[in-house]
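K.L.:
Have a look at this prediction, sequence included:
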Amino acid sequence: MASLISMAPLFLLCFFPCAFAAHDYGSALTKSLLFFEAQRSGVLPRNQRVTWRSHSGLQDGKASGVDLVGGYYDAGDNVKFGLPMAFTVTMMSWSILEYKAQLAGSGELGHAMDAVKWGTDYFIKAHPEPNVLYGEVGDGNTDHYCWQRPEDMTTDRRAYRLDPSNPGSDLAGETAAAMAAASLVFRSSNPAYANKLLSHAYQLFDFANKYRGKYDSSITVAQKYYRSVSGYNDELLWAAAWLYQASNNQYYLKYLADNGDSMGGTGWSMTEFSWDVKYAGVQTLVAKFLMQGKAGAYAPVFRRYQEKAEAFLCSCLRKGNRNVQVTPGGLIFRQRWNNMQFVTTASFIATVYSDYLTSSRGSLKCAAGYVRPSELLTFAKSQVDYILGDNPRATSYMVGYGNNFPRRVHHRGSSIVSYKISSKFIACREGYATWFSKKSGDPNVLTGALVGGPDAYDNFADERDNYEQTEPATYNNAPLLGVLARFHGGHSGFNQLLPVAVPLPPAPKRNPNPGSSSSSSSSPVVILQRVTSSWKDKGRIYYRYSTVITNKSWKTVRNLELSISKLYGPLWGLTNSGKSYTFPKWVNSLGPQKSLEFVYIHSASEANVSVLRYDLG
């Protein structure tokens, strides 16, 4: 019997792909984004689509002399917890950055960016000074004593802050990561806002790094609800990784290399990725930098990060030395309370890493053998399909998707009649007596919410007081955005390892690395080439070259044409127009002080790359 149970996940992985076509990932994506609108605090916008909600928390921060109106309620209660909210925004941003084209193709990119901005607008308010961050509004104890709509809440809305005397490196670090990641989301559409976010991210990282301590030692009311068990080292590395990606500043790349061993980035082999434990996320990002050829002299350290990232994935596939637990139906299972959070994060990492490997033409080596990128994608799909109904109960754990989904969600707003229908005040305990105890379904469907999910044996009880299984959370949905967009859009030839233009680091100029070559500095368009990796195949040595084009001027470069000769292999990141090469299809110009990278592979010395023409203005 034990051997049959252990084979169950493999059996399901083999047969689930047959059911993929039955699920409408685009519909699930649309519904998932609606959930974030239901979680909004503050003054709701005119284009609010979840119409049973109204304005709430309009006095937040006032007693502390600061405006903290806005942000998100994390789950089924009315507290604004900073750590899970920041992680939610980071993961929404990561989803957009990896699968922007798919989100755009599904018509949901605008809604996804709105969801990110609702969070970052709040974080800007919560960070009024360089070394001050408000990390929570309200507290779980008084909030959980009442069952009220957000529009009615009478609970304590005290604001709790971090400062040099009350540090919180984990919370400040995660908020820095969220701001940095979001700055990339808005880099093209709203550069002024993106720069503002990046400025906040710089300050928050410095605050987190200089004044070290766990946030729940300063904001003690958070300990019962969002205790930082992993400490703050993972968040410092996480923030550094996102700041490097957002700025290209080598300081943060060096920070990852110098602190990888001492802070656990190269040492911790994880079987979870969550709002508390960020190591698998850090390791995945650093592995991406390595595969992009950005590691340079730090490659040996970054390879150790990558080994741990791949150990996490091997554990999810149950092909490693220490594997995750799964239910008989094949779902990752870590804990009874809100287990779905671990399912969606693991699915996201598996999806993006599959695309990284495909882009680099690599594979994953596990203790049980080599794994193709497609196997990672199959695993992720098996988890998402389980969520959407391919499970022993035939239950969709996304509210509003399919016919059989949770109807009695542990959520104050959805379980009480809408304020728009009845504005009659509902007192603190009245909500429990009148609404919480009702056996009927919720009067407001919490569309798109991903609830906690089944137990270790695929059992689930759709009961409002069963908060471990029926309470939703924003950080359950956030990683799912990218995965659903990817599955809905398919693989349309994009390359995850070729980034679009990003700003140059605001750091002193450095001389090119020894052995690299660059074009003349007298031209505003500077070309820098270097070898990022090499390998031997059938007696021949192949080299991977990274070529960075930088606009050193303070004007925009347009209509750039490059001449590339002595090229004997494939090239990614430019458009071949016949006699010359031009910008890739997703870039039409190169802004002031910005860079663009392309790569090529061949078994010879570097190709001759030169500028034919460009327009500057």
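P.N.:
Cool, the structure landed.
K.L.:
Return the residues in contact with R540.
P.N.:
Neighbouring residues of R540 by Cβ atoms under 8 Å, 6 or more residues apart in numbering: S603. In this view, the C-beta of every residue, glycine as well, is placed from N, C-alpha and C.
K.L.:
Now do the phi/psi pair for it.
P.N.:
Phi and psi for R540, reported as degrees, to the nearest 10, are phi -110, psi 140.
K.L.:
On the pLDDT front, check it for me.
P.N.:
pLDDT for R540: 81.
K.L.:
which stretches of this protein have low pLDDT?
P.N.:
1-21, 491-495, 498-523 (pLDDT under 70).
K.L.:
ok, the residue located most distally from the centre of it to T532 distance?
P.N.:
Distance from the C-alpha centroid of the chain, by Cα atoms, centre = their mean, peaks at G539 (41.3 Å). Note on G539: its distance to T532, by Cβ to Cβ, to the nearest Å, is 22 Å.
K.L.:
Name the nearest residue to the residue most central in space within the chain, sequence neighbours excluded.
P.N.:
Residue closest to the average C-alpha location in the chain (Cα atoms, centre = their mean): M91, at 2.0 Å. Nearest residue to M91, sequence neighbours excluded (Cβ to Cβ, 6 or more residues apart in numbering): A478, at 3.8 Å.
K.L.:
Check V371 too.
P.N.:
L364 (4.1 Å).
K.L.:
same question, A246
P.N.:
A180 (4.2 Å).
K.L.:
mind checking how far that neighbour is from L450?
P.N.:
26 Å.
K.L.:
got it, and A22?
P.N.:
When A22 is compared with L450 (using Cβ to Cβ), they lie 19 Å apart.
K.L.:
These two: who's more crowded?
P.N.:
A direct count of neighbours by other Cβ atoms under 10 Å for A22 and L450 places L450 higher, at 30 against 10.
K.L.:
thought the more buried one was touching Y397?
P.N.:
Yes: the pair L450 / Y397 is scored as a contact, 6.2 Å apart, by Cβ atoms under 8 Å.
K.L.:
what residues do the two have in common as contacts?
P.N.:
With Cβ under 8 Å, 6+ apart, L450 and Y397 have common neighbours M340, I387.
K.L.:
Can you tell me how far T378 is from G452?
P.N.:
Distance from T378 to G452, counting by Cβ to Cβ: 25 Å.
K.L.:
quick one: which of those two has more around it?
P.N.:
The neighbour comparison of T378 against G452 (other Cβ under 10 Å) goes to G452, with 28 against 18.
K.L.:
List the contacts of S183.
P.N.:
Counting by Cβ under 8 Å, 6+ apart, S183 makes contact with A194, N195, L197, L198, A201, A246.
K.L.:
ok, now how distant is it from R361?
P.N.:
Distance, S183 to R361, by Cβ to Cβ: 31 Å.
K.L.:
now swap in Q283 and tell me
P.N.:
21 Å.
K.L.:
Please apply the same query to A208.
P.N.:
Counting by Cβ to Cβ - A208 and R361 are separated by 37 Å.
K.L.:
So the two - more neighbours on which side?
P.N.:
A208 (30 against 9).
K.L.:
Tell me who's in contact with that one.
P.N.:
P167, G168, S169, D170, A172, G173, A176, Y232, E235, L236, A239.
K.L.:
Make JSON lines from those residues and add secondary structure and distance to S415 to it.
P.N.:
Shown next, in JSON lines, are the contacts of A208 (DSSP: H, G, I helix; E, B strand; the rest coil; distance: Cβ to Cβ, whole Å):
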{"residue": "P167", "secondary structure": "coil", "distance to S415": "38"}
{"residue": "G168", "secondary structure": "coil", "distance to S415": "33"}
{"residue": "S169", "secondary structure": "helix", "distance to S415": "37"}
{"residue": "D170", "secondary structure": "helix", "distance to S415": "32"}
{"residue": "A172", "secondary structure": "helix", "distance to S415": "34"}
{"residue": "G173", "secondary structure": "helix", "distance to S415": "35"}
{"residue": "A176", "secondary structure": "helix", "distance to S415": "36"}
{"residue": "Y232", "secondary structure": "coil", "distance to S415": "36"}
{"residue": "E235", "secondary structure": "helix", "distance to S415": "34"}
{"residue": "L236", "secondary structure": "helix", "distance to S415": "39"}
{"residue": "A239", "secondary structure": "helix", "distance to S415": "37"}
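K.L.:
that older thread, can you tell me the helix or strand for the residue nearest to M91?
P.N.:
Remark: A478 resides in helix 474-489, with elements defined by DSSP states H and E.
K.L.:
Using CSV, list the CA coordinates for stretch 464-474.
P.N.:
Taking Å, rounded to 0.1, in the frame of the first residue of the first chain, the C-alpha atoms of stretch 464-474 are listed here in CSV:
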residue,chain,number,x,y,z
ARG,A,464,-17.1,29.2,7.5
ASP,A,465,-15.5,28.4,10.9
ASN,A,466,-13.0,26.1,9.2
TYR,A,467,-10.5,28.9,8.7
GLU,A,468,-7.6,26.6,8.1
GLN,A,469,-9.2,25.4,4.8
THR,A,470,-11.7,28.1,3.8
GLU,A,471,-9.8,31.3,4.4
PRO,A,472,-8.3,32.9,1.3
ALA,A,473,-5.2,35.1,1.2
THR,A,474,-3.6,37.6,-1.3
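K.L.:
I'd like to know how many residues surround H602.
P.N.:
Neighbourhood size, H602 [other Cβ under 10 Å]: 17.
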